[in-house]
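Chemist: quick one: sequence plus predicted model below, questions after.
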Amino acid sequence: MKLLTALSFVGFSFAAVAAPSSAPTDKQIDSCANDDGKLSDAQAIAACTLIIKLKPKDVLVYGTAYSNRAVAEMSLGQEAKANADIREAHRIDPKDFEANPQ
């Protein structure tokens, strides 16, 4: 029974890791952008982080999530995190993201 439980856990873990990417909703994308300023920086970071975890196939959406998260992180004084996200946005789509990695 222990072996069966262990095997089912391993199978479930592999399925969770190998799950296909999912497209974020328009509301999630809008929350990440926070263009209207209605959300706090922490809420915008959470929305962007969710999109990043979804790993959308659309590189513009994926890269923009990193870029938008960097903006919110900078507002909170989290320069190291913001610089890392800017570098990642640039790595994902160098044509659309002008970055000066430090």
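Modeler: Received it, and whenever you're ready, just let me know what you need. Please read these numbers as outputs of a predicted model, since none were measured by experiment. Residues are numbered from 1 along each chain as shown.

Chemist: CA only for contacts and neighbour counts going forward, please
Modeler: Will do.

Chemist: what separates Lys81 from Lys27, distance-wise?
Modeler: Distance, Lys81 to Lys27, using CA to CA, to the nearest Å: 24 Å.

Chemist: ok, Asp85 next?
Modeler: In terms of CA to CA, Asp85 sits 21 Å off from Lys27.

Chemist: again, but for Asp93
Modeler: Going from Asp93 to Lys27 by CA to CA gives 23 Å.

Chemist: comparing those two, which residue is more hemmed in?
Modeler: When Asp93 and Lys27 are compared for neighbours, Asp93 comes out ahead with 15 against 10, by other CA atoms under 10 Å.

Chemist: isn't that one right up against Gly63?
Modeler: Yes. Counting by CA atoms under 8 Å, Gly63 is a contact partner of Asp93 at 6.4 Å.

Chemist: quick check: phi and psi on Gly77?
Modeler: phi 80, psi 20 (degrees, to the nearest 10).
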